[in-house]
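*Asks:* This is a predicted model, with the sequence first.
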Amino acid sequence: YQRRVHGEDSTDQLDLEACGRPVNYIVPKLVTFLGHPDLSVRKVALHALVNLLQGYTSSPETAGIFNAIVANIDQLLQGIFTLANEPSQDVRKDVCRSFVALLDAYSKLKPFIKDIITYMLAQTQDPEESVAQEACEFWTIITEMEVATADFQPFIPHLIPVLLKNMVYSKFEQSMLDSDNQDAQVADREDAIHPHLINKAARAKAHAQHHQEQGMDESDDDEDDPEEVSSWNLRKCSASSLDVLSSVHGDPILEHLLPLVQQRMGEQQPWEIRESAILALGAVAEGCYTGMRPHLEQLVPYLINILHSDKKPLVRSITCWTLSRYARWVVGQNPPKLFEPLLQVILARLLDDNKKVQEAACSAFATLEEEAQSDLVPYLQPIVECLAQAFDKYQAKNLFILYDAVVTLSDAVQRRLGQRELVQRLMEPLMRKWASIKDDDRALFPLQSCLTSLAQAVGHEFLPYVPVVFPRCVQLIVRHYEQRRALQSNPTVEVSDREFVVCSLDLLSGMTDGLQSGIEPFFAQCPLVELLEECLKDQGPDIRQAALAFLGDLAKTCAPRLIPALPRYFPILVANLEPQVVSVCNNAAWAIGEISVRAQAETLPFVPQVVPRLIAIMCQNLNRSLLENTGITLGRLGLIAPASLAPHLQEFIQPWCFNMRNIRNDVEKEHAFLGLCQMIKMNPSGAMNSFGCVCDAFASWGNPKKELKDEFFSILSFFRQQLGDQWPTCYTGFPAVLRNNLKEVYGMVA
């Protein structure tokens, strides 16, 4: 009965018209119960209303619930105010939750908002942490509400000290974290190990450079750590509130924050107070970046010194994070005089004897890598030496973050990492891991992802390791499909995780991309065509996505091996041109383009099947990366089969030009534009109505190479002649930037 009263089962069903919208009767009755003389009834009624509020979403299915509550809001608020000062922690938590949920009806709260903010400020300081945390959730939401700014702003000076106080580790948290422990040699518990997949974006690879799918998986892969005090607690909630506060209100909050931080960072202060002040500096790093800049000349060296010498691991850990938040400023200095000291101290902390510090240092190093990019090159020797030592020192959990640091380094410096002595030093511990991890161990996934990025970065320097890595990847894929076939006749057969196939395909693709034709001899030793076909036909989009990326890389480097199988591959490729699964469709379009320029004659029979699918994709408002790859492939097909595409030019030329003008200039874009020129020459009328778009797309090149420039000039001259007396009007109608390009590069004037 109580579960029904509390509204915890199916909130949306309370608003079903077929049931008579019972919420319209339940809410007024529950609101009435808030004035019941029996406290236990008032508590249950409030809890039920809070559950209804928290079950509300912006979807039409639950909008009626919120409307029913708003219709009774005056009486509801009166009841909540009556219960606001009850001694019961549970009641006060529900009061806080109700105020948080009711912010969606801000206009109804506005007459009472100052009293509500004052109450929530007091509850955020409640000695009972669970009450304070519920109240603290209020600040993130109200801070981001533009309509509440004028009412909320006067309370900011009072809120900041409260948030700072709540950001201090409690005694209980300190005891649980065992903060002074030098635990680097202690093996991780099994339940503390989460083998996250590293560099998931690599699996979305549709194009080796600039057309990679962005934001395909932006979910946060962090899982609750059993060793942490809590996945979400008052300390984290307060730090998050300060972060949001700084993002919305910016530099003006510093006049209230910095004096408190300076006071709390004094040497006489307990370490946990100093730690919370350093956390606060990190929390405001982005929102108050401009206001913090004048202080960074003194602050960053001070934090570097703390990171170097502080005896408390939790202080060193948070200092890693805070310094990483200012990495952009450090790298951007001219000259970057603090970059080397920062890099040195982070590398030193990578080898800390405390695992929490190792983790924080690894994350900070990854951030510094992303900011510094090629600035890391002069320091590659000490960086690689440090990473190699860390691989031998880290326990299982931190290894995953360390793998990620190597991936980020590979992406940052690319081929400059391909010095033989550096590769050898880095690969020594990695190959020991490769040999020690069993075929059914999920810890293999992040190692494979790490090796994928390394192989792409170091190129032919990876060749000595291919005889060991390549056959194992093939065997992992073969084993998975053998197990799946065996399962059909024997339900007791265990099938390996699909990720073994995905990560193995990614690593094969990475080696192919890195070694180019140097990988070809290894394919002679495996059933490549059959194996890849099985992967391309897999029901799982994750495997197909990886297999299509591998196919595209193979086409670039080993096209002759694929040619006999193209009649089997092309129907599969066409079937995967379905934009409902963006990542798969993206890779299919890219792979077709790669095949078409390297096996031109063999591609021609399949052009009639491919082109309608590509045009349909090109003419929709879809993912940008997908449209760019589709445009490149249409252009490449136009280069090898202009007669097949030219009749359809008018159908897709406008969206083609719009999408292609924005990608960076490289050989693939060059192929595509050469193909467009061939199509226009065969069907100029198909481009006439879109001539302005064509000129704009041509201008996106700036000053192209001679072959392409000559083609552009030929087409521009043709249309100028065709337009005759209309040319001056057409020309003067172009934007000034476009007119200037046509004049400077092609000599075109009115």
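*Replies:* Here it is on my side, so go on.
*Asks:* what's the longest helix along the chain in contact with?
*Replies:* The longest helix of the chain (DSSP state H) is helix 466-489. Contacts of helix 466-489 with the rest of the structure, by C-beta atoms under 8 Å, 6 or more residues apart in numbering, involve 431, 434, 439, 448, 451, 493-496, 498, 500-501, 504-505, 507-508, 511, 515, 519, 522, 525-526, 531, 534-535. In short, each C-beta sits where N, CA and C put it, glycine included.
*Asks:* 7 Å - rerun?
*Replies:* Under the contact criterion C-beta atoms under 7 Å, 6 or more residues apart in numbering, helix 466-489 has outside partners 434, 439, 451, 493-496, 500-501, 504, 507-508, 511, 519, 522, 526, 531, 534-535.
*Asks:* what do you get for stretch 699-716?
*Replies:* Residues lying outside stretch 699-716 but in contact with it, judged by C-beta under 7 Å, 6+ apart, are 661, 665, 670, 673-674, 677, 680, 698, 738, 741-742, 745-746, 748.
*Asks:* Sort out which residues of the longest helix of the chain are buried, please.
*Replies:* Buried residues in helix 466-489, counted by 16 or more other C-beta atoms under 10 Å: 466, 469-470, 472-474, 476-481.
*Asks:* and which of the residues you listed is nearest to Tyr289?
*Replies:* Nearest to Tyr289 among the buried residues of helix 466-489 is Val469, at 42.9 Å by C-beta to C-beta.
*Asks:* Which residue is the nearest non-sequential neighbour of Met431?
*Replies:* Of all residues beyond its chain neighbours, the one nearest Met431 is Tyr465 (6.5 Å), with distances taken as C-beta to C-beta, 6 or more residues apart in numbering.
*Asks:* Can you show me the CA trace of the helix or strand hosting His256 as CSV?
*Replies:* Taking DSSP states H and E as the definition, His256 sits inside helix 254-264. Coordinates of each C-alpha in helix 254-264 appear next as CSV, following Å, rounded to 0.1, in the frame of the first residue of the first chain:
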residue,chain,number,x,y,z
LEU,A,254,36.5,35.9,-7.3
GLU,A,255,36.2,38.9,-5.0
HIS,A,256,34.3,36.7,-2.5
LEU,A,257,36.2,33.5,-3.2
LEU,A,258,40.0,34.3,-3.4
PRO,A,259,40.4,35.9,0.1
LEU,A,260,38.8,32.8,1.6
VAL,A,261,41.0,30.5,-0.5
GLN,A,262,44.1,32.4,0.4
GLN,A,263,43.3,32.2,4.1
ARG,A,264,42.6,28.4,3.8
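*Asks:* same question for stretch 169-182, mean pLDDT?
*Replies:* Mean pLDDT, computed over stretch 169-182, is 76.
*Asks:* Just the endpoints, please. Distance across that stretch?
*Replies:* This stretch, stretch 169-182, spans 19 Å end to end (C-alpha to C-alpha, to the nearest Å).
*Asks:* Run the chain-centre distance for it.
*Replies:* 31 Å (C-alpha atoms, centre = their mean, to the nearest Å).
*Asks:* can you give me the helices for the stretch 101-250 of the chain?
*Replies:* For the stretch 101-250 of the chain, the helices defined by DSSP state H, counting those that start in this stretch occupy 106-109, 113-123, 129-143, 149-152, 156-166, 171-177, 234-249.
*Asks:* about what we covered before: now tabulate the buried residues of helix 466-489 in CSV and tack on distance to Ala68.
*Replies:* Converted to CSV, the buried residues of helix 466-489 look like this (distance: C-beta to C-beta, whole Å):
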residue, distance to Ala68
Val466, 66
Val469, 62
Phe470, 64
Arg472, 61
Cys473, 59
Val474, 62
Leu476, 56
Ile477, 56
Val478, 60
Arg479, 58
His480, 53
Tyr481, 55
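*Asks:* Wait, Tyr119 touches Ala84, no?
*Replies:* Yes - counting by C-beta atoms under 7 Å, Tyr119 does reach Ala84; the two are 6.0 Å apart.
*Asks:* So the two - more neighbours on which side?
*Replies:* Between Tyr119 and Ala84, counting by other C-beta atoms under 10 Å, Tyr119 is the more crowded of the two (21 against 18).
*Asks:* which ones are touching the more buried one?
*Replies:* By C-beta under 7 Å, 6+ apart, the neighbours of Tyr119 are Ala84.
*Asks:* tell me which residues in the helix or strand containing Phe652 are buried?
*Replies:* Element membership for Phe652, per DSSP H and E: helix 649-660. Buried residues in helix 649-660, defined by neighbour count with 16+ other C-beta under 10 Å: 649, 651-657, 659-660.
*Asks:* I'd like the next helix or strand past that helix.
*Replies:* Downstream of helix 649-660, the first helix or strand assigned by DSSP H and E is helix 667-682.
*Asks:* Residue ranges in the stretch 1-150 of the chain under the pLDDT threshold?
*Replies:* Counting by pLDDT under 70, the stretch 1-150 of the chain contains low-confidence ranges at 1-25, 55-66.
*Asks:* rewinding a little: any quick PyMOL command for the buried ones out of the contacts of stretch 699-716?
*Replies:* Selecting only the buried entries of the contacts of stretch 699-716 in PyMOL, with 16+ other C-beta under 10 Å as the criterion:
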select buried, resi 661+670+673+674+677+680+698+738+741+742+745+746+748
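*Asks:* Any figure for the gap between Phe76 and Thr82?
*Replies:* Not Phe; residue 76 is Leu. Distance, Leu76 to Thr82, using C-beta to C-beta, to the nearest Å: 11 Å.
*Asks:* So which of the two has more stuff around it?
*Replies:* Leu76 (24 against 14).
*Asks:* show me where the stretch 251-400 of the chain has helices.
*Replies:* With DSSP H, counting those that start in this stretch, the ranges of helices along the stretch 251-400 of the chain come out as 254-264, 271-283, 289-309, 313-325, 327-332, 339-350, 355-372, 380-393, 396-413.
*Asks:* just so I know, which of these lies nearest Cys237?
*Replies:* Cys237 sits nearest to helix 271-283 of all those, at 11.7 Å, using C-beta to C-beta.
*Asks:* quick one on the thing from earlier: may I have the longest helix of the chain exported as CSV, CA atoms only?
*Replies:* Extracted in CSV, the C-alpha atoms of helix 466-489 (Å, rounded to 0.1, in the frame of the first residue of the first chain):
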residue,chain,number,x,y,z
VAL,A,466,53.7,-7.5,-35.9
PRO,A,467,54.6,-11.2,-36.0
VAL,A,468,53.4,-11.5,-32.4
VAL,A,469,50.5,-9.1,-32.5
PHE,A,470,48.9,-9.8,-35.9
PRO,A,471,48.3,-13.6,-35.6
ARG,A,472,46.8,-13.3,-32.2
CYS,A,473,44.3,-10.7,-33.3
VAL,A,474,43.3,-12.9,-36.2
GLN,A,475,43.0,-15.9,-33.8
LEU,A,476,40.8,-13.9,-31.4
ILE,A,477,38.4,-13.2,-34.2
VAL,A,478,38.4,-16.7,-35.6
ARG,A,479,37.8,-18.1,-32.1
HIS,A,480,34.8,-15.9,-31.5
TYR,A,481,33.1,-17.0,-34.7
GLU,A,482,34.0,-20.7,-34.1
GLN,A,483,32.4,-20.5,-30.7
ARG,A,484,29.3,-18.9,-32.1
ARG,A,485,28.9,-21.6,-34.7
ALA,A,486,29.5,-24.3,-32.0
LEU,A,487,26.8,-22.7,-29.8
GLN,A,488,24.2,-23.5,-32.4
SER,A,489,24.6,-27.2,-31.8
